[in-house]
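Novice: Show me how the following folds:
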Amino acid sequence: MNSHRNLWAVVLAAGSGSRLATLTTDACGNPVPKQFCSLNGGRSLLGDALVRAQRIVPRDRTCIIVAQQHRRFWRRALWSWPARNVVVQPSNRGTANGVLLTVLSILERDPFAQIIFLPADHYVRDEPALASSLRAMTRLLGSHTEGLVLCGIEPDEPDPELGYIVPGPSDSCGSHAVERFVEKPHQRLACELIAQGALWNSFIFAASGTALLGLLRERMAASVEDMETALARPHPVKALEELYERLPEMDFSRAIMQGAEHLLRVVAAAACGWSDLGTPKRVAETLRRLNRDVSGRAHDPTPGLFPGPAFINLAAQHARLGLSIRGSTP
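Specialist: Just a heads-up that it's a prediction; the model follows:
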């Protein structure tokens with residue numbers, strides 16, 4: 001675990017995962033956000049992400065960004081988590097606004113914070129290998145204080161459903177400049193990108209809190225000002241609710257990172273069986289690679305971390321729906 005006292009982790013868990021709705025609808029027809037589902041029984045994807053965070057950051061410096069409309073899910077999953085570390089958005093207004101809210105919340109507690117962001121919808125077969133790369137990312141923050149450090153995954157195969165980072169020249173620390181992003185290329189282009197050394201964009205990134213806030217202020221100044229004002233009011237919860245009713249939805253990758261390549265570095269993580277589980281097709285492919293049954297057997301349980309199993313077992317749903325899932329598209 002990284003002992004740096006100003007290092008924080010944020011698990012991004014406010015999305016609805018609508019592209020995975022085929023698999024994440026319960027028996028009563030209610031949608032369940034995918035982060036509260038498990039891949040193959042036992043702990044949820046959110047639980048996996050929290051364990052991933054605690055490989056590098058202590059529990060008391062691990063925050064989770066969630067959405068108010070998912071309260072019935074995260075209240076059960078996070079009942080034992082420090083309440084001030086659960087950052088609640090009145091609604092989901094895109095990843096950029098979620099990042100902004102957590103950055104402001106953490107900087108209020110630690111003005112010198114360095115923060116690593118981890119999505120809550122990933123599967124990783126080799127967690128220690130990824131953890132090694134995450135530690136390398138956080139060490140790089142000491143010399144790359146004004147920008148963002150990204151984690152790029154060495155591809156197992158060309159995958160047209162993922163985003164790619166094309167790296168530029170390397171430096172003495174082992175990181176690379178970011179030449180450009182390519183989002184969901186067709187199969188042939190994906191092969192060409194991999195031949196050029198491109199990496200999968202994991203959307204795992206790290207930055208100092210002040211540098212990240214500066215970039216957000218440059219790209220979405222009005223939203224930053226409005227959110228700072230809301231949080232400074234006597235009743236910030238109510239002020240945030242009012243703000244989120246008119247806050248424009250902003251995607252972090254498109255609105256913040258694209259066009260800021262000169263401020264980015266990327267660390268290459270060795271192929272570690274990573275998947276973002278963004279679509280039914282990717283879930284099916286991940287399950288096939290596991291080479292194990294889909295009967296609901298739990299993987300890597302952590303007793304006591306969460307009070308019970310996830311709301312939905314994606315493997316069991318996949319098995320129940322069968323061919324309709326294997327033939328599905330995003």
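Novice: Next, give phi and psi for residue 19.
Specialist: In this entry, residue 19 is assigned phi and psi values of phi -70, psi -20 (degrees, to the nearest 10).
Novice: Could you tell me how many residues sit around the residue lying closest to it once chain neighbours are set aside?
Specialist: With sequence-adjacent residues excluded and distances taken as CB to CB, 6 or more residues apart in numbering, residue 19 is closest to residue 279, at 5.2 Å. Backbone N, C-alpha and C define where each C-beta goes, glycine included. Look at residue 279: counted by other CB atoms under 10 Å, it has 18 neighbours.
Novice: Tell me the confidence at residue 279?
Specialist: As predicted, residue 279 sits at a pLDDT of 86.
Novice: try residue 186
Specialist: On the pLDDT scale, residue 186 is placed at 94.
Novice: isn't it right next to residue 161, touching?
Specialist: No: here residue 186 lies out of contact with residue 161, judged by CB atoms under 8 Å, at a distance of 10.8 Å.
Novice: between these two, who's got more neighbours?
Specialist: Taking other CB under 10 Å, residue 186 and residue 161 do not tie; residue 161 has more neighbours (17 against 10).
Novice: and that one, what helix or strand is that in?
Specialist: For residue 161, there is no helix or strand it lies in under DSSP states H and E.
Novice: Kindly report the same for residue 237.
Specialist: Going by DSSP H and E, residue 237 is in helix 236-244.
Novice: Check which residues of that helix are buried.
Specialist: For helix 236-244, a neighbour-count test (16 or more other CB atoms under 10 Å) marks 239, 240, 243, 244 as buried.
Novice: Equivalent analysis for stretch 122-141, please.
Specialist: Buried, per 16+ other CB under 10 Å, within stretch 122-141: 122-124, 130-131, 133-141.
Novice: Just the ones of the residues you listed in helices?
Specialist: Applying DSSP state H to these, the entries found in helices are 130, 131, 133, 134, 135, 136, 137, 138, 139, 140.
Novice: Switch these over to JSON lines; also include pLDDT and distance to residue 259.
Specialist: Output for these, formatted as JSON lines (pLDDT from 0 to 100; distance: CB to CB, whole Å):
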{"residue": "130", "pLDDT": "96", "distance to residue 259": "28"}
{"residue": "131", "pLDDT": "96", "distance to residue 259": "31"}
{"residue": "133", "pLDDT": "95", "distance to residue 259": "25"}
{"residue": "134", "pLDDT": "95", "distance to residue 259": "26"}
{"residue": "135", "pLDDT": "94", "distance to residue 259": "29"}
{"residue": "136", "pLDDT": "93", "distance to residue 259": "26"}
{"residue": "137", "pLDDT": "93", "distance to residue 259": "22"}
{"residue": "138", "pLDDT": "92", "distance to residue 259": "25"}
{"residue": "139", "pLDDT": "91", "distance to residue 259": "27"}
{"residue": "140", "pLDDT": "91", "distance to residue 259": "22"}
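Novice: from those, which is closest to residue 168?
Specialist: Nearest to residue 168 among those is residue 140, at 15.3 Å by CB to CB.
Novice: That closest one and residue 176, how far apart?
Specialist: Residue 140 sits 11 Å away from residue 176, going by CB to CB, to the nearest Å.
Novice: Now list whatever residues contact both of these two.
Specialist: The contact sets of residue 140 and residue 176 overlap at 265, 267 (CB atoms under 8 Å, 6 or more residues apart in numbering).
Novice: contacting residues for the residue lying closest to residue 70 once chain neighbours are set aside?
Specialist: With sequence-adjacent residues excluded and distances taken as CB to CB, 6+ apart, residue 70 is closest to residue 33, at 5.5 Å. Residue 33 makes contacts with 13, 15, 16, 17, 24, 70, 73, as judged by CB under 8 Å, 6+ apart.
Novice: got the phi/psi numbers for the first one?
Specialist: Taking degrees, to the nearest 10, you get phi -140, psi 40 for the backbone angles of residue 13.
Novice: ok, the residue lying closest to it once chain neighbours are set aside - contacts?
Specialist: Among residues not flanking residue 13 along the chain, residue 120 sits closest, at 3.9 Å (CB to CB, 6+ apart). For residue 120, the contact set (CB under 8 Å, 6+ apart) comprises 11, 12, 13, 35, 45, 46, 49, 64.
Novice: And residue 163, by the same measure?
Specialist: Taking CB under 8 Å, 6+ apart as the test, what residue 163 contacts is 181, 182, 183, 184, 200, 201, 203, 253.
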